[in-house]
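Novice: Generate coordinates for the sequence data below:
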Amino acid sequence: MPMTTQDFVSLAKQEIQECNTAQASDRIENGALVLDVREPQEYMIGHIPGAIELPRGVIEFKAEAHPELQDKTREVLVYCQAGGRGALATHTLQLMGYTNVTNILGGFASWTEGGHKTEKAPSEWD
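Specialist: Residues are numbered from 1 along each chain as shown. Purely as a prediction, here's the structure:
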């Protein structure tokens, strides 16, 4: 039987680490890199302060060339809008050799619901 989107996300979640937004906030304060894997239009509406914009569809092609992602042992927190794309992106980064990557549970929606700071900026991809 063909796999559904949720099947792919469920499989990825079995292989990755996740944290809640409070844990993510603490890790960011301690220097973790934040990676926004949403589409450019989503990023422009608002994102976690300091987040690097790298849409899910280009991770395999662009991650290793990005200056902030050269150290594959650096702590990286990944998020999307609700968690699914973030889980897939986190798993992809692990397969690419990144060893300290974590998905933020619930994504940007949970981040904003938790009252955490956000910022707006133009997209590098638009």
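
Novice: How many residues are close by the nearest residue to residue 21 once chain neighbours are set aside?
Specialist: Nearest residue to residue 21 in three dimensions, chain neighbours excluded: residue 114, at 4.4 Å (CB to CB, 6 or more residues apart in numbering). C-beta here means a position set from N, CA and C on the backbone, and glycine is covered the same way. By other CB atoms under 10 Å, 13 other residues sit near residue 114.

Novice: does residue 114 really touch residue 48, like I thought?
Specialist: No. Taking contacts as CB atoms under 8 Å, residue 114 lies outside contact range of residue 48: 11.2 Å.

Novice: Now residue 104, what are its backbone angles?
Specialist: Dihedral angles of residue 104 (phi, psi; degrees, to the nearest 10) stand at phi -90, psi 120.

Novice: dump the residue contacts of it.
Specialist: Going by CB atoms under 8 Å, 6 or more residues apart in numbering, residue 104 touches 18-21, 24, 77-79, 83, 86, 110-111.
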